[in-house]
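Q: let's see this in three dimensions:
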Amino acid sequence: MAKPLLELASDGEVHRTADAAETVADTLGLSETDRRETIPSGRRRYRNRTNWAVSHLVKAELLEKPKRGWFRITDAGLSILADDPPLLDEVFFREHIPAWHQNWRAASARNQKQREQDAGETSTVPVANSTESPEERMDAANDEIRSALADEILTAVKDMSPTFFEQLVVRVIVRMGYGGTLRDAGQALGRSGDGGVDGIIKEDRLGLDTIYLQAKRYRDGNVGRPEVQAFVGALQGFRARKGIFITTSAFASTAEQYVQHIDTKVVLIDGQTLADYMIDFGVGVTTVNTYEVKRLDSDFFVED
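A: Now for the predicted structure:
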């Protein structure tokens, strides 16, 4: 799927993934029977493989996604295509395109770190090799699926309106256990009107403390120290002790360093972290398949 997709995109135009799936299916000569074949989740197999091929090409930085559900070729993609490789698969990406491995590995490391934090453990990220157990391979596959889903989520969020983003922030925070009820949090958001904050929510259902919010939907560029410093100044004006700055973009290192050296507690949530929270707390996603991994119950096989 990958090479026909890259060839399709070689015209430099922006292509819709759904349309590309049909074009590639025609190019590969898939029959109607082939096109009706589904995977366990019920999705058409050729469409699912097209989506994954796009994800791999994006991770390899041969394609880019200007908006949700669309893609176009990059200069690196044109360069690779000019070399006419026989096959664009994971072996080729791993051997010839460092960006592909680096991007997947970064996503895997991020997910591994989250699992360790959830379990209260610390360790190094395992390197994939032929000695991996089936469970380890399943973890690696889960990381790959999760990374692709996070990219889809972030692209979708950036395409929505600022109002939608504010409502999304409320849902995520409430699912995480803050803000009291969804109704309370929804009413609080945007009520401040001015003063440099976008909303005020309860830290708990009893409202024993409050958290001030700043929600910024940025398409491009990082949030720098001046924006965060302005938010902190607004918090001081409200005599607030806690704040959350959420963005669809990322934070500059100067902004991250700044919040580590101030008395006010400010949590910075970038776009990638927001996408991870949405996956973890089931906001904007749905479960397609659940796989159980079972082990032998040694206590069962004990005779009296």
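
Q: contacting residues around the spatially most central residue of the chain?
A: The centroid of the chain falls nearest to residue 150 when counting by CA atoms, centre = their mean (1.9 Å). Contact analysis of residue 150 by CB atoms under 8 Å, 6 or more residues apart in numbering lists 107, 272, 275-276, 279. Heads up, the C-betas are built off the backbone N, CA and C, glycines and all.

Q: which element, helix or strand, includes it?
A: Under the criterion DSSP states H and E, the helix or strand holding residue 150 is helix 134-159.

Q: show me where this structure has its strands.
A: Here the chain has its strands, by DSSP state E, at 15-16, 63-64, 70-73, 199-202, 210-216, 222-223, 242-247, 250-251, 265-269.

Q: chain center to the second one, what's the gap?
A: Shown here is strand 63-64, whose average C-alpha point lies 16 Å from the average C-alpha point of the whole chain (CA atoms, centre = their mean, to the nearest Å).

Q: neighbouring strands for that strand, and are they parallel or not?
A: For strand 63-64, sheet partners with direction are given as strand 70-73 (antiparallel), following DSSP bridges.

Q: starting at the chain centroid, how far to the partner strand?
A: On the basis of CA atoms, centre = their mean, strand 70-73 sits 18 Å off its chain's mean C-alpha point.

Q: can you pull the buried residues of that strand?
A: 70-71, 73 (16 or more other CB atoms under 10 Å).

Q: same thing with stretch 228-238?
A: 228, 231-232, 234-235.

Q: what's the closest of those to residue 298?
A: In terms of CB to CB, no member of the buried residues of stretch 228-238 lies closer to residue 298 than residue 228, at 53.1 Å.

Q: tell me who's in contact with residue 36.
A: residue 44.

Q: for the closest residue in space to residue 216 that isn't next to it in sequence, give its distance to residue 21.
A: Leaving aside its sequence neighbours, residue 216 sits nearest to residue 247 (CB to CB, 6 or more residues apart in numbering; 4.6 Å). For residue 247, the distance to residue 21 equals 32 Å [CB to CB, to the nearest Å].

Q: can you show me the helices along the stretch 151-300 of the chain?
A: Secondary structure of the stretch 151-300 of the chain (DSSP state H, counting those that start in this stretch): helices at 162-175, 182-188, 225-237, 253-259, 271-280.

Q: those: which one's closest to residue 53?
A: Using CB to CB, the helices of the stretch 151-300 of the chain put helix 271-280 closest to residue 53, at 21.2 Å.

Q: name the helices or strands packed onto that closest one?
A: helix 98-119, helix 134-159, helix 162-175 (3 or more CB pairs under 8 Å, 6 or more residues apart in numbering; DSSP states H and E).

Q: how big is the angle separating that helix from strand 265-269?
A: 80 degrees (axes from the mean of the first three to the mean of the last three CA atoms, to 10 degrees).

Q: quick one: helix 271-280 to helix 162-175, angle?
A: If you take the same axes, to 10 degrees, helix 271-280 sits at 60 degrees to helix 162-175.

Q: what's next to helix 271-280, contact-wise?
A: By CB under 8 Å, 6+ apart, the residues outside helix 271-280 that reach it are 110-111, 114, 146, 149-151, 153-154, 157-158, 168, 172, 176, 246-250, 269, 283-285.

Q: average pLDDT across it?
A: Mean pLDDT, taken over the full extent of helix 271-280, equals 93.

Q: buried ones in that helix?
A: 271-279.

Q: now for those: which two are most distant?
A: It's 271 and 279 that sit farthest apart of the buried residues of helix 271-280, by CB to CB, at 13.0 Å.

Q: pLDDT weak spots in the stretch 201-304 of the chain?
A: Within the stretch 201-304 of the chain, the ranges that satisfy pLDDT under 70 run 304.
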